[in-house]
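Generate coordinates for the sequence data below:
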Amino acid sequence: MQVYRINTSAWEEENFYLLTTISESEIKSVIAPMVKKEREEDFFYDNDDYVYELKKAFPREDISMYNDFETITF
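As a prediction, the model looks like this:
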């Protein structure tokens with residue numbers, strides 16, 4: 001399992017994290033065309049849309065979305 005921070009816009013609050021068994025290149029193969037469509041057309045995807053499309057493309061893989069993680073301070 002890997003954790004990836006996904007950034008699809010200039011807004012920090014729109015970032016999210018994926019805990020997943022898929023690779024960076026597999027994530028990019030799904031999300032990059034969606035981001036391109038948003039930037040070139042008057043179209044909007046939210047984070048749930050990105051995750052839905054990833055799960056649809058890789059139905060047998062583990063894909064979980066998180067907006068934030070708990071912090072353990074020592």
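
how about low-confidence regions in the chain?
Along the chain, no part satisfies pLDDT under 70.

For it, which segments count as helices?
24-40, 47-57 (DSSP state H).

Please indicate which of those helices has the most neighbours on average?
Looking across the helices of the chain with neighbours counted as mean count of other Cβ atoms under 10 Å, the highest average goes to helix 47-57: a mean of 16. No exception for glycine: its C-beta is placed from N, CA and C like everyone else's.

Count the neighbours of residue 8 for me.
Number of residues near residue 8 (other Cβ atoms under 10 Å) recorded here: 18.

give the contact list for it.
When contacts are counted by Cβ atoms under 8 Å, 6 or more residues apart in numbering, residue 8 touches 14-15, 31, 34-35, 38, 45, 50.

and with 7 Å instead?
14, 31, 35 (Cβ atoms under 7 Å, 6 or more residues apart in numbering).

And those, which is closest to residue 67?
Taking Cβ to Cβ as the measure, residue 67 lies nearest residue 14 of the contacts of residue 8, at 9.6 Å.

Share the number of residues neighbouring that closest one, please.
Neighbourhood size, residue 14 [other Cβ under 10 Å]: 13.
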